[in-house]
Each structure stands twice: as structure tokens, then as C-alpha cells.
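*Asks:* Here is my input; please provide its structure:
(4 chains)
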2 protein chains.
Amino acid sequence: MTPRYTDTKEEILRLGTELIQLYGYNAFSYADISKKLDMKNAAVHYHFPGKEDLFASIVQQYIDRYHELGKNLDRPGITAKQKIEAFISRYTALAEQNKICIIGSVCSDYNTLPHSVRAKMGELIDLVLSMVAKVLKEGKTNGEFHFEETPHTQSLLMMTNLAAGVQLSRITGQKDYTAICRSIIKQISN
Amino acid sequence: MTPRYTDTKEEILRLGTELIQLYGYNAFSYADISKKLDMKNAAVHYHFPGKEDLFASIVQQYIDRYHELGKNLDRPGITAKQKIEAFISRYTALAEQNKICIIGSVCSDYNTLPHSVRAKMGELIDLVLSMVAKVLKEGKTNGEFHFEETPHTQSLLMMTNLAAGVQLSRITGQKDYTAICRSIIKQISN
DNA sequence: AAAAATACTTACTACTTAGTAAGTAATTTC
DNA sequence: GAAATTACTTACTAAGTAGTAAGTATTTTT
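*Replies:* Have a look, this model is predicted:
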């Protein structure tokens, strides 16, 4: 049969990611995806046999994109501050679309996830935390940043501010998210 | 008929809260509750006609308990630092039980919640943020604390650190949560 | 002692969930 | 041009979801 999309698999991943970011891990079903892509339930199962596979692929894509971001930022001429701002702007984009990040979305359901998926989530979180920690360390070394915690702890503080910030501001309003971002930068600035 | 428990309604609320904190809002069902309390599905519906009612009561109980905490802390002889530590210890208790706070748990599913419940969640969040902001302001005024942000923003930073901290540390380990708590105190200390 | 209220159980409904087996039309490979 | 592969659809299942109507045993009220 002729494929509906140039890359149906990619479309499913894109939509699945969006649904998780908008409504949470449990509110995303094969039916939701098939309806929106105008195909049958079984078609989604053709591309991703189980929900576990689909979710693993979504997280893997997220991981790949963070690696990509890392590569893009790893060139001369970009300051550590610009790199941090690149991370923050990811969350800002989410906030503007009423979305939250996959990490925050899945964390609350963590105890119900299949174990393979839990491991993938751990991988994603470790990656993000270590990438941010690396940039923070770099900025501290070259004098751009000033903070007293270890880079890892400072990374934890920043990412928890951001992840919970986009979540809270969906309820309390964008102003709170803006205040959090401003303060994050201020905290590490000289 | 003779009631099973001295207060079945209270038992349902207690168990419902626990299930949300452990597994998330969507992973808690009437069947889960009735099974654990050794009664039938319909018995839970007798006490709480709909899931919306049950959840609203759970959040209301949470709100009531924060008001209670507020009253308990509002006596002379308690320092602002001790008050902040009381808030933090609530989250520490959650972290030790592999649980997360209701706010963090429900935030990810916010877009799927019925509107009455969304309003209740907003109420809870505003309450917690304003209570913490009040204590922070008090501590700043009497010289216990030092911070440059407004009390509201500082409260946002603290609560996002805590809420996301208990969530993240379920995956990355308790050490990260401990580091976050230590830093929270440090940030506002002189 | 009768009536009413309480706290359920029994038995069901309508719907949604992930998942599957078998068939089919178009495309690609040989 | 036949065979195999791709990308689906049709049609289904088993389990779980919230929710309900009607019945029942016990306690409380009158």
C-alpha cells in the first residue's frame, strides 16, 4: 500500500511527543494518534508494536536531539551564557505552546512505567543534567559564571526550576515562568 | 449496614492521596481503591459520586492541611528558618516514601483535568506559594534571610526546586534531593 | 414498632484501552 | 512477470474505565 506520509513513523513520533507534552503520558493513546493521522489503530501498532516501543523511541529521539544540540553548541565563539540560554529557550518554547517537557511529564507516572522505559528516562535525565553541568563548569572556569555549588548541583537547581517552572506557569501564568528564567541567569551571573 | 471503617470516607481520601502521590493522577482508579479497602467499586461511588468529586476532596484536604500547618507555625518562638524547614520536611517525607507531591503529580495532566478541578489546583498552588513567600518576607525583614528576588519569586524558585526535586530523585537517587535541599537553605541564608 | 436513613453489594452498562490475526492493495525485487 | 515486501485495513479480543439502578442488612430516628 502507498504510505500516507513521506515518513509515517516520524509523524507518529512527532505527534506522540506532542501529546505527552500537552496531556501527559497516560492521556496519550494509540487511538488518539491514529485518529489525528487519519488511520486505523492497527496502523500505529504496525510501526510500533507496543506502547513501550513507541515511548522508548520518543525518548530516544529526545536523547538524540539533545546530543545534536550539544554538538551545535560545541564550537568556538559561543559563550557559556549563550549555551545556557539555548537550554532555557527550549523550555521557553514549550511554555509558549502550553506544553511541558517529557521529563516532567513522565516523572509523575514513573512508578507505573515498564522497566525498559524507566531506564531510558534515567538515561535522558542524566544526559541533560550532565550537559548543563558541563556548560556551567566551563562558564565558571572562564569567569563567565559564579556559583558556589558543584556544577552538578547547580545543574540540578537550574533544571528543577525550569522543569517545574513550565508546569506551574501553565496554571499560574506565564509571568511566573519569566521571573524564574530571569532569576536562573542572575543566580549564576557575576 | 455496618460501616467497614470508623470513617470510610476518610480512608478513601487517604488512599486516594497515596495513589496519586505514588503513581500519578491517571493511574489511580476506583477499582484500585475498592480492592485495597476490600469493598466494591460502587461503594466508592457511594461516598464520592464521581472521580471529579473525589479528586476535589483530596485537593481540599491538602489545602486544609496547609492552612493547619500555617496556623501551627504562626506562633511566637518559631524562627522563619524553622518554618521553611517545616515546609521542606514535608517534601523530604515524600521523598523517603518514593512519593511526590500532589501538585507535581497533577501538573503534567493539567490539560486533561475537568475545569472545577483545575480551579482547585490553582487554589492549592497559590496558597502554598503565598505561605512560603510570607515566611520568606518575614525572615528577610527580621534579618534571618538574605535574597534579592521578591518573596514571591524566591518562593517560586524554592517550590520548583522542591517539587521537581522529589520527582527527579525518584529516578536519579536521594543524593540529588539532599543536595537540592541543602542549597535551598544556603541560598536564602546570610 | 414503623419509617427512614446509612452503608453498602449485586449486577450491570457503555466506553476506552492496548493489542492481534488475517486480509489487501501497491510497490519493489528478482 | 512472479515473488516478496511494505503499509496498511478490517474485524476482532480481553481487560480495564467510570458510572448506575436496584436490592439488602443494619442502625437511627420518630
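
*Asks:* Would you mind listing what in chain A touches DNA strand D?
*Replies:* Residues of chain A lying close to DNA strand D by CB under 7 Å from any atom of the strand are A:1-5, A:8, A:39-43, A:46-47. Any C-beta I mention is one placed from the backbone N, CA and C, and that applies to glycine too.

*Asks:* so what's residue A:138 up against?
*Replies:* By CB atoms under 8 Å, 6 or more residues apart in numbering or on different chains, residue A:138 lies in contact with A:80, A:83.

*Asks:* Hmm, I typed the wrong one, I wanted residue A:5.
*Replies:* With contact taken as CB under 8 Å, 6+ apart, residue A:5 is in contact with A:11, A:37.

*Asks:* Just say helix, strand or coil for it.
*Replies:* Look at residue A:5: counting by DSSP: H, G, I helix; E, B strand; the rest coil, its state is coil.

*Asks:* Tell me where the model's unsure across chain A.
*Replies:* A:1-2 (pLDDT under 70).

*Asks:* Can you show me the helices along it?
*Replies:* In chain A, the helices defined using DSSP state H lie at A:8-23, A:30-36, A:41-47, A:51-73, A:80-96, A:102-107, A:115-141, A:151-172, A:174-188.

*Asks:* follow-up on the earlier one: put the buried members of the residues of chain A next to DNA strand D into a ChimeraX selection.
*Replies:* This is the ChimeraX syntax for the buried subset of these, where burial follows 16 or more other CB atoms under 10 Å in any protein chain shown:
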select /A:8,39,43,47
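
*Asks:* Widest-spaced pair of the residues of chain A next to DNA strand D?
*Replies:* The most widely separated members of the residues of chain A next to DNA strand D, counting by CB to CB, are A:2 and A:41 (19.5 Å).

*Asks:* just to revisit the earlier point, can you redo the residues of chain A next to DNA strand D as TSV with distance to residue A:94?
*Replies:* Shown next, in TSV, are the residues of chain A next to DNA strand D (distance: CB to CB, whole Å):
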residue	distance to residue A:94
A:1	36
A:2	35
A:3	30
A:4	28
A:5	24
A:8	25
A:39	27
A:40	31
A:41	29
A:42	32
A:43	29
A:46	30
A:47	25
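
*Asks:* Quick check: residues of chain A near DNA strand C?
*Replies:* Residues of chain A lying near DNA strand C (CB under 7 Å from any atom of the strand): A:1-2, A:28-32, A:41-42, A:45, A:49-52.

*Asks:* of all those residues, which comes closest to chain B?
*Replies:* Closest to chain B out of the residues of chain A next to DNA strand C is residue A:28 (10.0 Å), distances taken as CB to the nearest CB.

*Asks:* Would you mind listing the residues in contact with the closest one?
*Replies:* Counting by CB under 8 Å, 6+ apart, residue A:28 touches A:16, A:19, A:20.

*Asks:* which ones are touching the last one?
*Replies:* In this case it means residue A:20. A:28, A:58, A:102, A:105, A:106.

*Asks:* Report the separation between it and DNA strand C.
*Replies:* To DNA strand C, residue A:20 is 11 Å away according to CB to the nearest atom of the strand, to the nearest Å.

*Asks:* do the same with residue A:185
*Replies:* To DNA strand C, residue A:185 is 39 Å away according to CB to the nearest atom of the strand.

*Asks:* list the contacts for that residue?
*Replies:* A:81, A:84, A:85, A:88.
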